[in-house]
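Novice: the sequence and its predicted three-dimensional model are supplied below.
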Amino acid sequence: MSKPLLKIGPLTSLQDARSSAAVGFDLVTFSLERGSMQKLATNMIWSIVQWLSGPRVVLEINRFSLEELEQTKDVFTYEYLSFPLEEWGTDLLELEGKLIFRLDSTTSTDDIQSIVEKSPAEKVYFEISVDKEEELQKFGNLLQYAFIHDRGAGKKPLELNDILGFSMKQEMEEEAGVLNYEAIDEWLEVFQEEFVED
């Protein structure tokens, strides 16, 4: 069993981004999404990213943010773009980077399967937000393309195999825009025991 990837954000500060990198997050997310409370200016994301070493960058955006995305060209490198699922369209496959579509447990698995079938290999992934583990049962083998976001996150990760990774968001903040390092450390301790071999 391979170790699931760990994704966090959207982050809004250099301190939280560097701390996330230091404790082993594989992907750190920043928002360019118009309408989001976590949205940062392109130059602010650049000033944070240049201090990071290790994690891959995810930009959380929507179709209204494509102008901001254009401003990132030749400024900093990202690997993933994260969109709401309802904004899916084959035209997005032309964008540089891998795509992560955000959804919840009410989404039809037929919709996801259709997107997978229309997309090149290793281009499209999903972030599925759930309140409890049982809500994931219907997704079956689609979980291999998914980051699982547990909105009811307690002190330990869901006991899931064959998923792409875990995603942490506002439930790991002590206040808006400020990470709760103690809660993250407790979660990561259990994650290491469950998923990382000695």
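Specialist: Structure received. Numbering: from 1, shown residues only.

Novice: list the buried ones in the top helix by length along the chain?
Specialist: Criterion DSSP state H: the longest helix present in the chain is helix 181-195. The neighbour-count check on helix 181-195 (16 or more other CB atoms under 10 Å) flags 183-184, 187-188, 191, 195 as buried. Placement of C-beta: from N, CA and C, glycine included.

Novice: dump these to CSV, plus distance to residue 87 and pLDDT.
Specialist: Below are the buried residues of helix 181-195 laid out as CSV (distance: CB to CB, whole Å; pLDDT from 0 to 100):
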residue, distance to residue 87, pLDDT
183, 31, 91
184, 29, 94
187, 30, 92
188, 32, 93
191, 31, 91
195, 32, 85
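
Novice: count the neighbours of residue 88 for me.
Specialist: 20 (other CB atoms under 10 Å).

Novice: low-confidence bits of the chain, can you list those?
Specialist: 1, 153-155, 197-198 (pLDDT under 70).

Novice: at 80 what do you get?
Specialist: Along the chain, segments meeting pLDDT under 80 span 1-2, 152-156, 161, 196-198.

Novice: hey, where'd the helices end up in it?
Specialist: Under the criterion DSSP H, the chain carries helices at the ranges 14-23, 42-49, 66-71, 109-118, 181-195.

Novice: out of the ones you listed, which gets nearest to residue 31?
Specialist: Closest to residue 31 of those is helix 42-49 (CB to CB; 8.7 Å).

Novice: now do the closest one: everything it contacts.
Specialist: With contact meaning CB atoms under 8 Å, 6 or more residues apart in numbering, helix 42-49 is reached by 11, 13-14, 17, 30, 32, 40, 57, 59, 68, 71-72, 75-77.

Novice: one step back: make TSV out of the helices of the chain and add distance to residue 159.
Specialist: Output for the helices of the chain, formatted as TSV (distance: least, CB to CB, whole Å):
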stretch	distance to residue 159
helix 14-23	21
helix 42-49	33
helix 66-71	36
helix 109-118	21
helix 181-195	7
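
Novice: closest one to residue 158 among those?
Specialist: Among these, the nearest to residue 158 by CB to CB is helix 181-195 (9.7 Å).

Novice: what does that closest one rub up against?
Specialist: Contact partners of helix 181-195, identified using CB under 8 Å, 6+ apart, comprise 1, 3-4, 6, 19, 23-24, 153, 155-157, 159, 166, 168, 172, 174.

Novice: got the angle between that helix and helix 14-23?
Specialist: 20 degrees (axes from the mean of the first three to the mean of the last three CA atoms, to 10 degrees).
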